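Asker: Turn this into a structure:
(chains A and B)
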2 protein chains.
Amino acid sequence: MTPFSYRCTDCQRTYPRTAVRYLCPECGKGYRPGIPLVGVLEAVFDYAAIRREFDRERPDWNLFCAVEPEFHPPLPVGNTPLARADRLGAGLGVASLWIKNDGLNPSGSLKDRASFLVVAEARRLGIDLVVAASTGNAASALAAVCASTGTRALIFVPEKAPKAKLVQMVLYGAQVVPIQGTYDDAFALSLEYTAQRGGLNRNTAYHPLTIEGKKTAGLEIWAQLGYQVPEAIFVSVGDGVILGGVHKAFVDLQRAGLIDRLPRLIGVQAESSDAIHRYVQTGVYSDAVNPTTRADSISVTCPSNAHGARRAIQESRGLTLTVTDAEILEAQAQMAGQSGIFTEPAGAAALAGLVKLQAGPDRLVGSGPVVILATGHGLKDVEAPLSRISIPPAVPPVLDSLTL
Amino acid sequence: MTPFSYRCTDCQRTYPRTAVRYLCPECGKGYRPGIPLVGVLEAVFDYAAIRREFDRERPDWNLFCAVEPEFHPPLPVGNTPLARADRLGAGLGVASLWIKNDGLNPSGSLKDRASFLVVAEARRLGIDLVVAASTGNAASALAAVCASTGTRALIFVPEKAPKAKLVQMVLYGAQVVPIQGTYDDAFALSLEYTAQRGGLNRNTAYHPLTIEGKKTAGLEIWAQLGYQVPEAIFVSVGDGVILGGVHKAFVDLQRAGLIDRLPRLIGVQAESSDAIHRYVQTGVYSDAVNPTTRADSISVTCPSNAHGARRAIQESRGLTLTVTDAEILEAQAQMAGQSGIFTEPAGAAALAGLVKLQAGPDRLVGSGPVVILATGHGLKDVEAPLSRISIPPAVPPVLDSLTL
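Answerer: Residues are numbered from 1 along each chain as shown, chains lettered A, B, ... in the order given. Coordinates of the predicted model:
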């Protein structure tokens, strides 16, 4: 581990690690659930120390980690494969296309990375209860990591979360409270819970180490490309925290002098859940009033990290776009059929964004590596693809009757 | 790659790699679907060369691989995490318990390892169609790997396979033929297909590289334990090919002089699908007439590798046992709740076997590492755990109404 302090991304005040927990004591005063976080606390490391000690031959990723290794849960998280996707790339005019398959985290999504670090932090603080609101994946992730450590998990989740995700979190032994309402209602309730009754709140962006956990996906992409900065990374965007995490990875690397530029971040939202896209386009924030997308993991009315996500897009010379549910499900089938990777609709949204971009005037034309971040496993929601495909009828086991 | 030839495990005749494809030309004469394979072709490497060239600091696993790297599919397979499971081990009196989480292969099961190698072999041979019968996992695996290479996949699968597995294989673009019958019927039909109409047959054990592919799980366990041979490895057993593959890993290592003993292999079968267990116990083979287990991946009437599995148990001073479906589902919840790993019923059977063994006179008492091989992802069949758990009812998002 490298020493770090927290800095508010809005007012830029700096705090010792031990002086704050969730938000900037100043900027956080005006915060209430239902508006995006104005500033989040960003971990600022001793970058000179990282530069001095980081060795590409024997990379020590703990240099970038905000919790001491002795508190890390025993469940291995991250280190997911980066798959070369030449067949898919050929059809899209992308010479070097890669898929970071984060569905291969233990609970099936990238959220395991954030849960891992927040549970480590809970252990460091001696807190035995971690509380979260989630559309489903973060909850499964928290439940899984807590199971490995014996930490209690309390989870508020919209009742409409896909069944597989609900089964997971209950089986992992979490206390699950399905809510008659949206993700945003669950988010508000979980904040109220930890404020009044205790426990460590793991809500995404609200706890600063969620972004720190998610940044490990970006660090791995850099290493897996042979320490090369990709030309662009396509990230599906709900709350904007995965986008923020990937951005932070490259910001840390740049501050440490290990890279000299940021990859372009392309944020992809579902058409009905487009608050961040509109914010980037217009500079004016407003909620996505009725987020009905099939891609439940990125279905958000009020993205907690809207401001941070917009900054990440701007700083990286990136862009945002939206895709329809039909485009998402088409991309899901395309990814499965041409790369062998089955990702949930939210993960497929990133590919749908690439498909859309390549069909328009802003298409990528460089030869550098382009990465699609597949954020969750397709098995999380097997009903979704059934709207496009059908299982063939059964036949008698007689060769003569087959025309294949 | 290291040079190798094929040797029949029954008659011990040796053949050049290019002279045979599936079975020993002599011993295979009497084979017909519906009986276990009498001998299978085993890849016998130049072990002196492996010993000379293998370096633990920079391990080159291609030394153990039977297909040249240039034919390997681009989809990364294997290299799954080995998780330390102290909480689970403590309750079972096992000081050093580990779970090899092979559900984190791309299609969600260990079978990806076999499909990877057989598809590589098809590419080497210039064959563009690979055919398989499967209870579900091998089919999904084949479909995924074929999608990454553009190879055609034709799959015969019992119509009762879990929906998630069927969705996967169709979405990956395979030609899927659900069969009105059992896995054994599908197995017979697939053999008939390749014999009469062509393509490379990937049936488990029938194609010798299925065992070679699966052995990589064993090689990884050895490396991940710091090049230590575990005291015991618990493997759920259907066809007996995963057991055979894990055994082959340690046989190869021993032949190369890299280890001096084999780990004890503990084969766990479902009570209703116990052909190999009875064979090991009595020395007399007979089918499991009505394999009704919920653990669909190990539900087999006539295990193709019954003879090889029995040999692996005997040579490793191991044993077999059977568990009930109730014990399997209990173990599934126990693994999820105490380690954070959600494995499908067949994977949980291995833990159920450990639980049963530790309650009896043959309990493990050593302090060496004990490994549970979790062969498939729990998300493959989310209905299974629902027989034991229930999703709590939804409540209004109001803190005062919560008694937590």
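
Asker: Does stretch A:187-194 reach chain B?
Answerer: Yes - under the criterion of C-beta under 8 Å from any C-beta of the partner chain, chain B is reached by stretch A:187-194 at A:Ala188, A:Leu189, A:Glu192, A:Tyr193. The way it works is simple: take the backbone N, C-alpha and C, and place the C-beta from them, glycine included.

Asker: In helices, which of the residues you listed appear?
Answerer: Counting by DSSP state H, the part of the residues of stretch A:187-194 next to chain B found in helices is A:Ala188, A:Leu189, A:Glu192, A:Tyr193.

Asker: Adding distance to A:Leu253 and pLDDT, write those residues out as JSON lines.
Answerer: Listed next are those as JSON lines, based on distance: C-beta to C-beta, whole Å; pLDDT from 0 to 100:
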{"residue": "A:Ala188", "distance to A:Leu253": "35", "pLDDT": "92"}
{"residue": "A:Leu189", "distance to A:Leu253": "37", "pLDDT": "95"}
{"residue": "A:Glu192", "distance to A:Leu253": "37", "pLDDT": "95"}
{"residue": "A:Tyr193", "distance to A:Leu253": "36", "pLDDT": "96"}
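
Asker: would you list those residues in CSV and tack on neighbour count?
Answerer: Converted to CSV, those look like this (neighbours: other C-beta atoms under 10 Å in any protein chain shown):
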residue, neighbour count
A:Ala188, 22
A:Leu189, 22
A:Glu192, 17
A:Tyr193, 22
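
Asker: for the stretch 151-300 of chain A, what spans make up the strands?
Answerer: Using DSSP state E, counting those that start in this stretch, the strands of the stretch 151-300 of chain A run over residues A:152-158, A:175-179, A:200-201, A:232-236, A:264-270.

Asker: Please name whichever of those is nearest to chain B.
Answerer: Closest of those to chain B is strand A:175-179, at 4.0 Å (criterion: C-beta to the nearest C-beta).

Asker: which other helices and strands contact the closest one?
Answerer: Helices and strands touching strand A:175-179, by 3 or more C-beta pairs under 8 Å, 6 or more residues apart in numbering or on different chains; DSSP states H and E, are strand A:152-158, helix A:163-171, helix A:183-197.

Asker: between the ones you listed, which one is nearest to B:Glu271?
Answerer: Closest of those to B:Glu271 is helix A:163-171, at 22.7 Å (criterion: C-beta to C-beta).

Asker: Extract the C-alpha trace of that closest one and format it as PDB.
Answerer: The C-alpha coordinates for helix A:163-171 follow below in PDB (Å, rounded to 0.1, in the frame of the first residue of the first chain):
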ATOM      1  CA  LYS A 163     -34.500 -13.600 -10.100                       C
ATOM      2  CA  ALA A 164     -31.000 -14.900 -10.600                       C
ATOM      3  CA  LYS A 165     -29.500 -11.900  -8.800                       C
ATOM      4  CA  LEU A 166     -32.000 -12.300  -5.900                       C
ATOM      5  CA  VAL A 167     -31.300 -16.000  -5.600                       C
ATOM      6  CA  GLN A 168     -27.600 -15.300  -5.400                       C
ATOM      7  CA  MET A 169     -27.700 -12.700  -2.700                       C
ATOM      8  CA  VAL A 170     -30.000 -14.800  -0.500                       C
ATOM      9  CA  LEU A 171     -27.900 -17.900  -1.000                       C
END
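
Asker: Distance from stretch A:184-191 to the middle of the chain?
Answerer: Distance of stretch A:184-191 from its chain centroid, counting by C-alpha atoms, centre = their mean, to the nearest Å, is 19 Å.

Asker: cool, stretch A:139-154 as well?
Answerer: Stretch A:139-154 sits 18 Å away from the centroid of its parent chain (C-alpha atoms, centre = their mean).

Asker: Over to stretch A:122-142?
Answerer: Relative to the centre of its chain, stretch A:122-142 is centred 15 Å away, using C-alpha atoms, centre = their mean.

Asker: Quick one: end-to-end distance for that stretch.
Answerer: 12 Å (C-alpha to C-alpha, to the nearest Å).

Asker: before we move on, what about stretch A:72-81?
Answerer: Start to finish, the residues bounding stretch A:72-81 are 21 Å apart (C-alpha to C-alpha).

Asker: Now it: buried residues?
Answerer: The neighbour-count check on stretch A:72-81 (16 or more other C-beta atoms under 10 Å in any protein chain shown) flags A:His72, A:Pro73, A:Leu75, A:Pro76, A:Val77, A:Gly78, A:Thr80, A:Pro81 as buried.
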